[in-house]
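A.B. asks: Here is a sequence together with a model predicted from it:
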Amino acid sequence: MKIPQRFETISAYDQGEPLELLAARLGLTPEEIVKLDANENPYGPSPKAVQALADLHFPNYYPDSDGLALRTALAGFTGAPIESLMLGSGADELIDLLLRALLDPGDRVLICPPAFSMYALDTQINLGKVIAVNRRADFSHDVSAICRMVERQQPKVLFITSPNNPDGSLIDPADFDVLLKLPVLVVLDEAYIEFVENGGRLGKNLSRICEVPDRGNLVVLRTFSKWAGLAGLRIGFGAFPDWLMSVLWKVKPPFNINVAAVSAALASLEDLDILAERVGWILAERRRLYEALCCIPYLKPYPSEGNFILCKVLGRDAAQLKNLLADQGILVRHFDSPVLANSLRIGVGRSQDTDRLIEVLEREV
């Protein structure tokens, strides 16, 4: 049997070195590793979520394939109607399901690099064609160029991420309103919306998720991975227009969300005070980390509204610096694409994680 040719040019998602293998290689315990490479929450699940996992009922039975209880709770949390909400095994699965439902071979998908690599990867897997309008040097969107590309190439889908991964920038609301007027489905990925300074409690003042039912061309994706500390359980959700929901229910695999993830997510929504407090800790540590990185002469950090900070590495090789940090038990993410050369993305950890990171970086001056 021959593998389809398109897979010969597709690069797998870079997951980095597994925590346990790195710890064993360095002679450390996993707890001694400073893991700042995947934008995870260093504080983990909330107390109620931990208790829900300990008290898990009926894991021997298949879960509710519709996720009715969690979708009902999410309707209260987000203000979006339950009929618009769908659950996914992380927002990643919803990206794939969306493209699987929409794309015919050769259909175009527009992305704005630097951006989350799964947009392009899932487009290629689902027989689509990726077209791109690069962001400006300050990572803002070139809205005029996007409009011209939509007119010329007629993509079916436009992916916008705000805050953007890997740089942490927000899209200007006026620019986003311009994009919503284009003849294209706009997918707004809000995976990091809860970390926006002055964005309201857990991003409530900034999220566009409540607008989905009133627009025919807007999708909003959210996740429990970051703010709720549930990355390992893979639980995300999205709001979709009615015409698309009818197709997604046909495409979605049965039982795609496991009972542990549902239980932890429901409990998280009952523990919002503690989770909001932890987000506040992360925001305070982000400010501290940014100021400390500004004092490292070979790094140029960019202001960020995510739980991470992107740094341009100046006068030295970013890959070597990443490996040097890894040898000290500190994991960060390396980027070296044409639009993001010689850069590192550093997650916001706890205060002791920042201290250890800066100590090693200062030794390398």
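C.D. replies: Perfect, thanks for sending it.

A.B. asks: Where does the most centrally placed residue in the chain sit, in terms of helix or strand?
C.D. replies: With distances taken as Cα atoms, centre = their mean, A191 lies nearest the centre of the chain, 4.4 Å away. For A191, there is no host helix or strand (DSSP states H and E).

A.B. asks: thinking it is in contact with T223, fair?
C.D. replies: Yes. A191 lies in contact with T223 (Cβ atoms under 8 Å); the separation is 5.0 Å. C-beta coordinates here come from the backbone N, C-alpha and C atoms, glycine included.

A.B. asks: Compute the first-to-last residue distance for stretch 246-258.
C.D. replies: One end of stretch 246-258 to the other measures 22 Å (Cα to Cα, to the nearest Å).

A.B. asks: swap in stretch 311-320?
C.D. replies: Start-to-end, stretch 311-320 (Cα to Cα) is 14 Å.

A.B. asks: okay, the closest residue to G315 other than its chain neighbours: pLDDT?
C.D. replies: With Cβ to Cβ, 6 or more residues apart in numbering as the criterion, G315 has its nearest non-adjacent residue at 5.5 Å, and that residue is Y298. Looking at Y298, its pLDDT stands at 98.

A.B. asks: List the residues that contact Y298.
C.D. replies: Shown in contact with Y298 (Cβ atoms under 8 Å, 6 or more residues apart in numbering): V313, L314, G315, R316, E364, V365.

A.B. asks: right, and the last one touches C295 too?
C.D. replies: Translated: V365. No. Using Cβ under 8 Å, V365 is not in contact with C295, being 9.6 Å away.

A.B. asks: Quick check on these two: which one has the bigger neighbour count.
C.D. replies: In terms of neighbours (other Cβ atoms under 10 Å), C295 is the more surrounded of V365 and C295; the figures are 12 against 8.

A.B. asks: quick one, phi/psi of that one?
C.D. replies: Main-chain torsions, C295, degrees, to the nearest 10: phi -90, psi 0.

A.B. asks: quick one: terminal-to-terminal distance for stretch 315-333?
C.D. replies: For stretch 315-333, the end-to-end distance is 18 Å (Cα to Cα).

A.B. asks: so where's the longest helix in this protein?
C.D. replies: Scanning the chain for the longest helix, with DSSP state H as the assignment, gives helix 272-294.

A.B. asks: Name the residues of that helix that come out as buried.
C.D. replies: L272, L275, R278, V279, I282, L283, E285, R286, L289, Y290, A292, L293 (16 or more other Cβ atoms under 10 Å).

A.B. asks: buried ones in stretch 131-138?
C.D. replies: Burial within stretch 131-138, assessed by neighbour count using 16+ other Cβ under 10 Å, is assigned to I131, V133, N134, R135.

A.B. asks: How about stretch 218-226?
C.D. replies: L218, V219, V220, L221, R222, T223, F224, S225, K226.

A.B. asks: Now that stretch: average pLDDT?
C.D. replies: Taken as a whole, stretch 218-226 has a mean pLDDT of 98.

A.B. asks: Report the distance from it to the chain centre.
C.D. replies: Remark: stretch 218-226 is offset 8 Å from the chain centroid, using Cα atoms, centre = their mean, to the nearest Å.

A.B. asks: Put the alpha carbons of that stretch into PDB.
C.D. replies: C-alpha atoms of stretch 218-226 as PDB (Å, rounded to 0.1, in the frame of the first residue of the first chain):
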ATOM      1  CA  LEU A 218     -18.000  33.500  13.100                       C
ATOM      2  CA  VAL A 219     -16.600  30.500  15.100                       C
ATOM      3  CA  VAL A 220     -14.900  31.000  18.500                       C
ATOM      4  CA  LEU A 221     -12.700  28.400  20.100                       C
ATOM      5  CA  ARG A 222     -11.900  28.100  23.800                       C
ATOM      6  CA  THR A 223     -10.100  25.600  26.000                       C
ATOM      7  CA  PHE A 224      -9.700  24.400  29.600                       C
ATOM      8  CA  SER A 225      -6.000  23.600  29.000                       C
ATOM      9  CA  LYS A 226      -4.400  26.900  30.100                       C
END
